[in-house]
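Novice: here are the coordinates; sequence isn't available:
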């Protein structure tokens with residue numbers, strides 16, 4: 001079919017690229033002295049002044065496959081109820097109708113009929129996304145959806161289905177599309193915040209995110225391309241990598257004199273870049289005495305001029321536990337940079353003494369390594385001391401420190417964090433036990449997630465939502481409380497039938513309120529009064545409610561969300577595994 005010409009990505013995707021899926025890959029090549037690490041050229045890298053790369057694999061190769069991959073496709077957003085539209089490009093409509101028929105033939109659940117294209121309950125959308133470097137099958141990434149038809153007024157409350165993402169290229173002969181590389185499905189999040197994380201009345205109702213909605217179906221290859229192709233060197237690299245890092249399955253596969261394919265182990269799923277950096281800093285010589293000598297030389301180098309501490313740390317990590325006794329001497333070095341990067345290598349090798357050093361950095365106010373240390377402690381999931389440091393930092397006066405500590409601590413089961421998944425994939429609710437000030441943190445990257453700092457946080461009896469609104473959003477919920485009320489009054493307008501509920505009683509406790517609003521619709525048994533226990537209010541609206549009530553201080557807490565500033569990098573973190581799409 002003839003596709004519309006490849007469009008320029010929306011503004012929303014522009015900052016998605018800079019913040020959501022960057023994963024620090026742009027910095028990956030910096031360790032090897034390249035000017036443009038995101039687009040490696042087939043030329044040898046300049047020699048580093050540091051001994052960290054002497055004799056290592058990195059100077060011999062150019063690493064291919066570390067760029068983000070732009071993909072695009074078309075899909076259908078359903079559950080809109082009179083805010084969608086039946087219009088849109090004929091080519092896209094024909095394509096989606098064909099997709100509906102195909103999925104109905106195989107009996108996929110939840111697929112709408114062709115009648116949906118005639119009403120206002122759905123919208124045809126363009127889907128754009130960026131598949132991360134080194135992505136494996138099933139890896140998740142955020143996507144942006146944008147309404148195509150002029151009739152569509154809002155995507156708020158909708159759900160993306162039938163999303164299929166491909167690589168497109170413009171040629172003199174027209175647009176060429178590749179095979180499907182990913183699928184996309186899930187609830188649409190229409191953000192009330194601008195790029196800096198500030199609430200705005202200029203909400204883009206026709207554009208939304210599906211957080212973690214993209215799912216990779218074709219894994220992306222990572223390859224070490226030899227700068228000077230020689231089969232003997234290829235085999236030496238393969239043998240060294242598999243000997244150092246391999247298990248049952250080989251890490252490196254080389255069937256050519258020109259390149260070596262790298263399979264990143266599953267245990268490095270959340271730290272792929274670090275694994276590749278470690279491999280790149282690995283020397284071809286595996287003689288233990290030579291490696292120990294190298295470790296000592298790197299320790300001595302930290303007292304010299306223009307020290308590349310990060311490269312040295314990675315080189316120590318590549319050497320392995322042979323280097324650990326010499327690293328321990330550096331934990332007490334006079335230079336903070338030396339202490340930090342030595343401890344960084346040590347904790348990655350499982351050394352508890354290194355975790356104590358990083359805990360010191362994490363607790364020091366105004367320390368330049370403080371936030372990085374907090375992030376690193378989050379990966380030390382088998383170290384009790386690291387977990388306790390993070391738990392105490394939940395009470396810190398600095399909101400950014402508290403949020404970083406929370407994100408790190410949730411990598412492990414911990415009694416300070418109680419987590420619930422509401423309505424299958426509407427959102428994840430984390431309630432955090434902390435003695436610090438009340439704080440609400442909402443995510444708009446990676447997955448829909450709300451963190452309530454303070455189990456006892458309650459609404460005051462002057463709450464009102466939505467109040468005076470002028471941004472055109474269609475809201476499903478009204479919330480109010482009068483002085484002296486012991487519960488909130490909620491009125492909910494169902495999307496399907498358009499009926500307004502009776503006055504419902506909702507808890508004042510904020511964590512319980514979010515659960516009441518966001519969980520699946522259900523009602524107690526009649527003998528228990530038949531009370532409603534869930535309304536399935538969309539994540540977008542719950543975020544709006546929390547922001548509005550905190551702004552008015554009807555909820556006495558600070559409100560925080562990510563800013564998506566140009567060039568900002570989102571922390572790499574483990575996201576919740578989801579059920580695979582039926583599509």
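Specialist: Received it, and whenever you're ready, just let me know what you need. The structure presented is a predicted model; accordingly, all values stated were derived computationally and were not measured.

Novice: Now the phi/psi pair for the residue minimising distance to the centre of the chain, please.
Specialist: Centroid check for the chain by C-alpha atoms, centre = their mean gives residue 446 as the closest residue, at 3.3 Å. Backbone torsions for residue 446, taken as degrees, to the nearest 10, come to phi 80, psi -60.

Novice: go on, residue 163?
Specialist: Dihedral pair for residue 163: phi -80, psi 130, per degrees, to the nearest 10.

Novice: Next: residue 373.
Specialist: phi -60, psi -40.

Novice: pretty sure it contacts residue 355?
Specialist: No - between residue 373 and residue 355 there is no contact, the gap being 9.9 Å when judged by C-beta atoms under 8 Å. Placement of C-beta: from N, CA and C, glycine included.

Novice: Looking at those two, which has the bigger crowd around it?
Specialist: Between residue 373 and residue 355, counting by other C-beta atoms under 10 Å, residue 373 is the more crowded of the two (27 against 24).

Novice: do you know how far the more buried one is from residue 151?
Specialist: From residue 373 over to residue 151 the distance is 52 Å, taken as C-beta to C-beta, to the nearest Å.

Novice: End to end on stretch 237-251, go ahead and measure it.
Specialist: Across stretch 237-251, the terminal residues are separated by 11 Å (C-alpha to C-alpha, to the nearest Å).

Novice: domains of the chain?
Specialist: In the domain annotation for the chain, the residue ranges read 24-66+221-282, 68-216 (automatic domain parsing).

Novice: Can you flag the weakest of these by average pLDDT?
Specialist: Considering those one by one, the lowest average pLDDT is found for domain 24-66+221-282, at a mean of 81.

Novice: and the closest residue to residue 331 other than its chain neighbours, what does it touch?
Specialist: Leaving out its chain neighbours, the residue that sits closest to residue 331 by C-beta to C-beta, 6 or more residues apart in numbering is residue 357, at 5.0 Å. Remark: with contacts taken as C-beta atoms under 8 Å, 6 or more residues apart in numbering, residue 357 is in contact with 331, 339, 340, 342, 343, 346.

Novice: how near is the nearest residue to residue 409 once chain neighbours are set aside to residue 481?
Specialist: Using C-beta to C-beta, 6+ apart and skipping the chain neighbours, the partner closest in space to residue 409 is residue 390 (4.2 Å). Separation of residue 390 from residue 481 (C-beta to C-beta): 35 Å.

Novice: which of those two has more neighbours?
Specialist: Regarding residue 390 and residue 481, a neighbour count based on other C-beta under 10 Å identifies residue 390 as having more, with 26 against 20.

Novice: which of the contacts of residue 357 tops the neighbour count?
Specialist: Among those, residue 342 has the most neighbours (other C-beta under 10 Å), with 30 neighbours.

Novice: is it true that it touches residue 333?
Specialist: Yes - counting by C-beta under 8 Å, residue 342 sits close enough to residue 333 to count as a contact (6.9 Å).

Novice: ok so, going back, can you say which of the domains of the chain is nearest to residue 401?
Specialist: For residue 401, the closest of the domains of the chain is domain 68-216, at 17.2 Å, according to C-beta to C-beta.

Novice: so the residue nearest to residue 331 is in which element?
Specialist: Per DSSP states H and E, residue 357 falls inside helix 352-363.

Novice: Pull the distance from that helix to the chain's centre.
Specialist: Relative to the mean C-alpha coordinate of its chain, helix 352-363 is positioned 26 Å out (C-alpha atoms, centre = their mean, to the nearest Å).
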